[in-house]
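# Structure for this input, please:
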Amino acid sequence: MLKSKTFLKKTRAGGVMKIVREHYLRDDIGCGAPGCAACGGAHEGPALEPQPQDPASSLCPQPHYLLPDTNVLLHQIDVLEDPAIRNVIVLQTVLQEVRNRSAPVYKRIRDVTNNQEKHFYTFTNEHHRETYVEQEQGENANDRNDRAIRVAAKWYNEHLKKMSADNHLQVIFITNDRKNKEKAVEEGIPAFTCEEYVKSLTANPELIDRLACLSEEVNEIESGKIIFSEHLPLSKLQQGIKSGTYLQGTFRASRENYLEATVWIHGDNEENKEIILQGLKHLNRAVHEDIVAVELLPKSQWVAPSSVVLQDEGQNEEDVEKEEERERMLKSVVSEKMLKPTGRLVGIIKRNWRPYCGMLSKSDIKESRRHLFTPADKRIPRIRIETRQASTLEGRRIIVAIDGWPRNSRYPNGHFVRNLGDVGEKETETEVLLLEHDVPHQPFSQAVLSFLPKMPWSITEKDMKNREDLRHLCICSVDPPGCTDIDDALHCRELENGNLEVGVHIADVSHFIRPGNALDQESARRGTTVYLCEKRIDMVPELLSSNLCSLKCDVDRLAFSCIWEMNHNAEILKTKFTKSVINSKASLTYAEAQLRIDSANMNDDITTSLRGLNKLAKILKKRRIEKGALTLSSPEVRFHMDSETHDPIDLQTKELRETNSMVEEFMLLANISVAKKIHEEFSEHALLRKHPAPPPSNYEILVKAARSRNLEIKTDTAKSLAESLDRAESPTFPYLNTLLRILATRCMMQAVYFCSGMDNDFHHYGLASPIYTHFTSPIRRYADVIVHRLLAVAVGADCTYPELTDKHKLADICKNLNFRHKMAQYAQRASVAFHTQLFFKSKGIVSEEAYILFVRKNAIVVLIPKYGLEGTVFFEEKDKPNPRLIYDDEIPSLKIEDTVFHVFDKVKVKIMLDSSNLQHQKIRMSLVEPQIPGISIPTDTSNTDLNGPEKKKIKLGK
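Here you go, the predicted model:
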């Protein structure tokens, strides 16, 4: 049956266009209940259970299916995901509304419907002849959809009666809309609110904790005391932004001070790029990363960023007076120069809430169900939740979601989502750091895995099309020990004309990941492989990363090769790019390759190739450094793990060999060659990588630190910086140069991916290269996959597709990649920090030599070379008399009593694990030498960690 709708639409040119929409209605859409004679098994895919064995409900004891409306799906998805809830009918009307209103919830509901054990059935009610309803005159879309849901619920109940005479199956309509529920009951449909139904499941009391609390209005009337001003409606905000009364930006909460935040204003307005918000009322219920509208305050009310560290430790809701006292503390007397544009928040444009990890702060009131949850991320406010399992959740990491933030509540309301495990346990803490850094780490779905090649896999004649056979070449790979995802391999051989042929061969990942399929979408979403201390979260499934794409030795593998003809002075005479088949002759570690190069009695083909590569690499590096490339330093740490417990038993800084540098030089050369080629071919949509030059102010700390040692660091160009770092040597202090390079690294900007058609500054400052991209690691970086596709089209080895030549789509990909790379970096650092804590937990208290990297107003930041570990030594402690501190920003130096500290001074510190705050355990450092009475601690402190403030005082008093 065909329904058609006709309407007229005005075109841009002013003409009128007639549009006819056809809507097909069918009789053969199944209801999803197995054994239904009326449908005759017309449904496909996951179906409902014939006799639902769901948890007993005191409201509806007979077997039943659930049919939720849109708002239940949107707000109570955590309840629906619980294993206890099964046999749910999801209507097409509901699914479409959810899709339009929340992409993350839509994805979650799709995942649940694909899970066979949950028995969720999607019913296409909009195309079923008996459940389709047309919009009536004067009826809005929302009311029409509510009616469509009720019609479907009623149809289901009547339809199921036809199955058999003794069948008592019911369909229960779940809605939180009071009017909709009343209408449903009038029409004879069994209907309950989500809360009523969940509370009736007596066997699953834990489900109540997962209910999103949405009754804000009720709460407001109850307590009556309004703390915050009302948020303006979106229409008013948009008008205000248009007229310039309000400014739109991203809300960034402060880690150090919960009463302060900045709003980064969107757009090119240079004048007020950052606006400070200070005080609870001005923050007005915004949460970190929300898109907000702010009103600029008059200049007389501007403030300076506060230097006070304030953590929110209040338990009591009625502490608002105390907050006001703290706010007055922030407003210290400052010079006018320090004042920054200040504003107040007038409304929320878009909430960017996510589920938060953290711990429960149990209420002091006995038997209370209301508790505060403290997120691990200090930028997120504490969240009020209701739970009956507080005693079991104490000391555990849990996930909580925010539901809303009423005007009368000091904290937002939320609900418990799930329990991650005990705090401090390795699996729990790894899960927390992955969730907190938004690293996608779920196992790959069946949809993604379905696009992998079928095993056993071999190279076919079709694969050989547009490919060169290079299996005869003596190719080898050089990687860190234990590496299974081998992206790259190299070769070098002498040609008949006396020149050298050098090849970089990269895994041909884009052959296996085809544009637009589920595997491609998932790889693009992940963006990068994340390497933690003991775990690797792959960007692509293991079959590709550790097998078919990994260039292991003695197997045929598909590659993308970049081959140069060079003279012996490493000057490129010809460059060729080709898809190829290779067979690596050896998979070596950096140490093994180094041994071959250095060994006098090894002269086989592989060793000769490595020596040739090493000789050329040295010339390439020298030439690169002459151009002004920077050789910076960062203390990288490697853990030695206990083979039984997998706990770190030793910690050392990574050793770099000549072979590390050899591989790096050819990877850089390949990346630069490919960047030039794809930019020549696609000037508007090449995916490139740039590294902006830091603003001069970034270098102040480095220049001052060097000056304190009578050394001059020039920073006008990368070349002058590189040269002055090379000259900055001290015969009496050999480690000084490394410290300067570590400090220089801190001055740098972040390198980013960008689309060539959206930017005109391509320069890579650190590598001193006018153009650069990433081509050499497609197994672990999605950027390289896109670059492979561009290069393949450029050399005629593959065909293009629309998204590849759409610069706006590429710019969006770059934005996600930059975010994922930054988060992967932070997650890696957090993993190192956690493993360092485990190491010192077992090691106890140790004293080590350290160098000062920075001096602060009340602390020094030190680096311990032995462990590559950085930490802060504070000189002001709670419950202790404060020493006399004089800070000089110009030198920079810090005078404590009669001892002066400068950057790069050598000190001795004591390292221990402070577990007094379970959620934020940290490495604590105290000064041992130089000895300052009342500050330095004696060296004979016993060998245990600090478990609490009481023990701390006893030990320090010894």
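# looking at it, Met464 is touching Ser580, isn't it?
No. Taking contacts as C-beta atoms under 8 Å, Met464 lies outside contact range of Ser580: 10.0 Å. Bear in mind the C-beta positions are built from the backbone N, C-alpha and C, glycine included.
# Neighbour count for those two, which is higher?
Ser580 (24 against 14; other C-beta atoms under 10 Å).
# Is it correct that the more buried one is in contact with Cys562?
No. Judged on C-beta under 8 Å, Ser580 makes no contact with Cys562 at a distance of 10.1 Å.
# overlap in contacts of the two?
Common contacts of Ser580 and Cys562 (C-beta atoms under 8 Å, 6 or more residues apart in numbering): His505.
# helix/strand/coil for Ile402?
Three-state assignment for Ile402 (DSSP: H, G, I helix; E, B strand; the rest coil): strand.
# And Asp377, by the same measure?
coil.
# May I have the residues that are in contact with it?
Applying C-beta under 8 Å, 6+ apart to Asp377 gives the contacts His288, Tyr356, Cys357, Gly358, Glu436.
# Tell me the spatial nearest neighbour of Glu130, not counting adjacent residues.
Using C-beta to C-beta, 6 or more residues apart in numbering and skipping the chain neighbours, the partner closest in space to Glu130 is Trp155 (5.6 Å).
# Would you confirm that that neighbour contacts Thr131?
Yes. The criterion here is C-beta under 8 Å, and Trp155 meets it with Thr131 at 5.1 Å.
# Not counting its neighbours along the chain, what's nearest Ile937?
According to C-beta to C-beta, 6+ apart, the nearest residue to Ile937 is Ser926 (4.9 Å).
# so what strands line up beside the host helix or strand of the one you found?
Remark: Ser926 resides in strand 922-929, with elements defined by DSSP states H and E. Counting by DSSP bridges, the strands paired with strand 922-929 are strand 906-914 (antiparallel).
# Mind listing residues that contact the strand it pairs with?
Contacts to strand 906-914, defined as C-beta under 8 Å, 6+ apart, come from residues 837, 840-841, 844-852, 860, 862, 864, 869, 871, 873, 901, 921-930, 937, 939, 941, 945-946, 952.
# Can you turn the buried subset of those residues into a selection I can paste into ChimeraX?
Buried members of the contacts of strand 906-914, defined by 16 or more other C-beta atoms under 10 Å, are picked up in ChimeraX with:
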select :837,840,841,845,847,848,850,851,852,860,862,864,869,871,873,901,921,923,924,925,926,927,928,937,941,945,946,952
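# What about the contacts of strand 906-914, which are in strands?
846-852, 860, 862, 864, 869, 871, 873, 901, 922-929 (DSSP state E).
# which secondary structure elements does the helix or strand hosting Ile606 contact?
Assigned by DSSP H and E, Ile606 belongs to helix 605-627. Under the contact definition 3 or more C-beta pairs under 8 Å, 6 or more residues apart in numbering; DSSP states H and E, helix 605-627 sits against strand 476-479, strand 488-494, strand 500-507, helix 590-598, helix 658-681.
# now the very next helix or strand once past the longest one: mean pLDDT?
For helix 658-681, the succeeding helix or strand toward the C-terminus, using DSSP H and E, is strand 687-690. Here strand 687-690 scores 94 as its mean pLDDT.
# One more: stretch 531-548?
89.
# Which stretches in the stretch 201-350 of the chain count as strands?
246-253, 260-265, 274-278, 291-296, 343-350 (DSSP state E, counting those that start in this stretch).
# Regarding Gly138, which helix or strand does it belong to?
Here Gly138 is assigned to no helix or strand, by DSSP H and E.
# want to throw the helices and strands packed on helix 605-627 into JSON lines with mean pLDDT, distance to Ile85 and mean neighbour count?
Shown next, in JSON lines, are the helices and strands packed on helix 605-627 (pLDDT from 0 to 100; distance: least, C-beta to C-beta, whole Å; neighbours: other C-beta atoms under 10 Å):
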{"stretch": "strand 476-479", "mean pLDDT": "92", "distance to Ile85": "47", "mean neighbour count": "24"}
{"stretch": "strand 488-494", "mean pLDDT": "93", "distance to Ile85": "48", "mean neighbour count": "21"}
{"stretch": "strand 500-507", "mean pLDDT": "94", "distance to Ile85": "43", "mean neighbour count": "24"}
{"stretch": "helix 590-598", "mean pLDDT": "90", "distance to Ile85": "53", "mean neighbour count": "18"}
{"stretch": "helix 658-681", "mean pLDDT": "92", "distance to Ile85": "50", "mean neighbour count": "20"}
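# With distance to Asn87 as added columns, please give the ones you listed in CSV.
Converted to CSV, the helices and strands packed on helix 605-627 look like this (distance: least, C-beta to C-beta, whole Å):
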stretch, distance to Asn87
strand 476-479, 51
strand 488-494, 51
strand 500-507, 46
helix 590-598, 57
helix 658-681, 53
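# closest one to Ile275 among the ones you listed?
helix 658-681 (38.2 Å; C-beta to C-beta).
# angle of the closest one against helix 605-627?
70 degrees (axes from the mean of the first three to the mean of the last three C-alpha atoms, to 10 degrees).
# which of Trp155 and Thr131 has more neighbours?
Using other C-beta under 10 Å as the criterion, Trp155 and Thr131 rank with Thr131 on top: 24 against 17.
# How about the contacts made by the more buried one?
Counting by C-beta under 8 Å, 6+ apart, Thr131 touches Phe123, Asn125, Ala148, Val151, Ala152, Trp155.
# how does this protein divide up, domain by domain?
45-210, 355-423, 446-692+751-826, 696-747, 844-929 (the TED database).
# Can I get these in JSON lines including distance to Val20?
Rendered in JSON lines, the data for those read as follows (distance: least, C-beta to C-beta, whole Å):
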{"stretch": "domain 45-210", "distance to Val20": "16"}
{"stretch": "domain 355-423", "distance to Val20": "43"}
{"stretch": "domain 446-692+751-826", "distance to Val20": "28"}
{"stretch": "domain 696-747", "distance to Val20": "62"}
{"stretch": "domain 844-929", "distance to Val20": "61"}
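# and Met338, which of those domains is closest to it?
domain 844-929 (13.4 Å).
# Quick check: end-to-end length of that closest one?
19 Å (C-alpha to C-alpha, to the nearest Å).
# Buried members of the contacts of Asp377 into ChimeraX, please.
Those of these that count as buried under 16+ other C-beta under 10 Å are selected in ChimeraX with:
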select :288,356,357,358,436
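# Out of the contacts of Asp377, list just those in helices.
With DSSP state H as the criterion, helices contain Glu436 from among the contacts of Asp377.
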